[in-house]
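Q: Provided below for reference: sequence and predicted model.
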Amino acid sequence: MGKTIEQVLTASVLLSRREGTTIKHLMDRLDVEERTIYRIFKCIESTGLQIVNSTIPGSRERVYKTKSPKDSPLAEPLFNETDQVMLKLLLDLPQPGAGYEEWKKDFKKKLKKQLPS
């Protein structure tokens, strides 16, 4: 389950960027097949976020982004600034720094409340 959570978190971060991401980039970053990306999308969408897509100008490739409905409980930020910084560290650095274990426990509690069982 740990790897699945990491994949969902990584995909969520990439999808929430202003420029979004492509299926190919997600497949490369997560080292998974395309069908797994769509399963991850389904998991993310089950939290109330929408995943929208558009075509890259001059290409047939599509860019995917998350969009939170205004009436969704997720319209408000789910994670505070510390969570966002630690999440970035968790996803970008091989060895997290001081305070990681305490943050990880708190973060897992928040995540378990949001992810479907």
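A: Arrived safely.

Q: point to the helix or strand of this structure where mean pLDDT is at its lowest.
A: None of the helices or strands of the chain scores lower by mean pLDDT, DSSP states H and E than helix 81-92, at a mean of 65.

Q: buried ones in the helix or strand following that one?
A: Downstream of helix 81-92, the first helix or strand assigned by DSSP states H and E is helix 100-114. For helix 100-114, the neighbour count (16 or more other Cβ atoms under 10 Å) marks 103, 107 as buried. For the C-beta atoms, the positions are set from N, CA and C on the backbone; glycine is no exception.

Q: which elements pack onto helix 100-114?
A: The contact analysis (3 or more Cβ pairs under 8 Å, 6 or more residues apart in numbering; DSSP states H and E) places helix 100-114 against helix 81-92.

Q: which secondary structure element contains residue 54?
A: Counting by DSSP H and E, residue 54 is found in strand 50-55.

Q: which is the next helix or strand following that strand?
A: Following strand 50-55 in sequence, per DSSP H and E, is strand 62-67.

Q: helices or strands next to that next one in the packing?
A: helix 2-16, helix 23-30, strand 50-55.

Q: so which of these gets nearest residue 107?
A: Closest to residue 107 of the helices and strands packed on strand 62-67 is helix 2-16 (Cβ to Cβ; 9.2 Å).

Q: what about residue 44, how many residues nearby?
A: 20 (other Cβ atoms under 10 Å).

Q: which SS class is it?
A: On the three-state scheme (DSSP: H, G, I helix; E, B strand; the rest coil), residue 44 is labelled helix.

Q: okay, it: pLDDT?
A: For residue 44, the model assigns a pLDDT of 85.

Q: low-confidence stretches in the protein?
A: Scanning the chain for pLDDT under 70 picks out 1-2, 68-82, 84-100, 114-117.

Q: same thing but at 80, please
A: Within the chain, the segments meeting pLDDT under 80 span 1-4, 47-48, 68-117.

Q: thank you, goodbye.
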